[in-house]
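**Student:** need a structure here:
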Amino acid sequence: MKEHHDVWDRDVEQVLISETQLDETVSRMAAQIDADYKDKNLLLLCILKGSLVFMGDLMKKLSIPCEIDCMKVSSYGNGSVTSGRINILLDLHRQDLSEKDILIIEDIIDSGRTLSYLVSYLQINGARSVRSAALLDKPSRREVDYNPDYVGQEIPDAFVVGYGLDYAEKYRSLPYVGILKPEIYTE
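**Tutor:** Numbering: from 1, shown residues only. Sure, this is the predicted structure:
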């Protein structure tokens, strides 16, 4: 591991998904998306900030043409506790939504509230089709009846960081997904 990660590595209890496993997972998802969207007008919609690393790697592995755009949505209050309310901080402003097959790119799905809300929101705003891809899935935390169309890996109910996922804006640069030591986020 790189030296600049050492300070963050100390706060990680366990590496849950290695850099190699992430690469294999993203490659598998890209192959599925390539097959499903070969005749579509694909728009990858990155949900900032956590999905940025995942989307960057995913789009490099796609062989089909696509456009990219971003939204910033918040459902968290303080640090690790979800508020249950969805706030759109950066909206998608496009005149051509009716021509786009949107694939929402999300780092993690737990309660399902954010993705469920976004799919409905984009459909109401006229997108031709809306589906979702989540790198990580915590089905044990689901509060609404929603499952992403593409799932990288199912994970246990643990607080994870790395590969774009953060705690208090830290740990995003870790090249793996790791379980954060509880004393870090319960202090």
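**Student:** ok, residue 28 - contacts?
**Tutor:** Residue 28 makes contact with residue 152, according to CB atoms under 8 Å, 6 or more residues apart in numbering. (C-beta placed from N, C-alpha, C; glycine too.)
**Student:** Find the residue at the geometric middle of the chain.
**Tutor:** For the chain, residue 107 is the residue whose C-alpha lies nearest the centre (CA atoms, centre = their mean; 1.7 Å).
**Student:** which SS class is the residue nearest to it when sequence neighbours are not counted?
**Tutor:** Once flanking residues are discounted, residue 107 sits nearest to residue 50: 3.8 Å by CB to CB, 6 or more residues apart in numbering. With DSSP: H, G, I helix; E, B strand; the rest coil as the basis, the three-state label of residue 50 is coil.
**Student:** So which bits of the helix ranked longest in the chain are buried?
**Tutor:** Secondary structure assigned by DSSP state H gives helix 19-36 as the longest helix of the chain. Residues 22, 25-26, 29-30, 33, 36 are the ones in helix 19-36 that count as buried (16 or more other CB atoms under 10 Å).
**Student:** burial measure for the residue nearest to residue 107, as a count.
**Tutor:** 21 (other CB atoms under 10 Å).
**Student:** got the phi/psi numbers for it?
**Tutor:** Backbone torsions for residue 50, taken as degrees, to the nearest 10, come to phi -60, psi -30.
**Student:** who touches it in this structure?
**Tutor:** Counting by CB under 8 Å, 6+ apart, residue 50 has contacts 106-108, 164-166, 172.
**Student:** Ok, residue 26 next?
**Tutor:** Residue 26 neighbours (CB under 8 Å, 6+ apart): 54, 57-58, 61, 135, 152.
**Student:** picking up where we left off before, out of the contacts of residue 50, which end up buried?
**Tutor:** Buried among the contacts of residue 50 (16+ other CB under 10 Å): 106-108, 164-166, 172.
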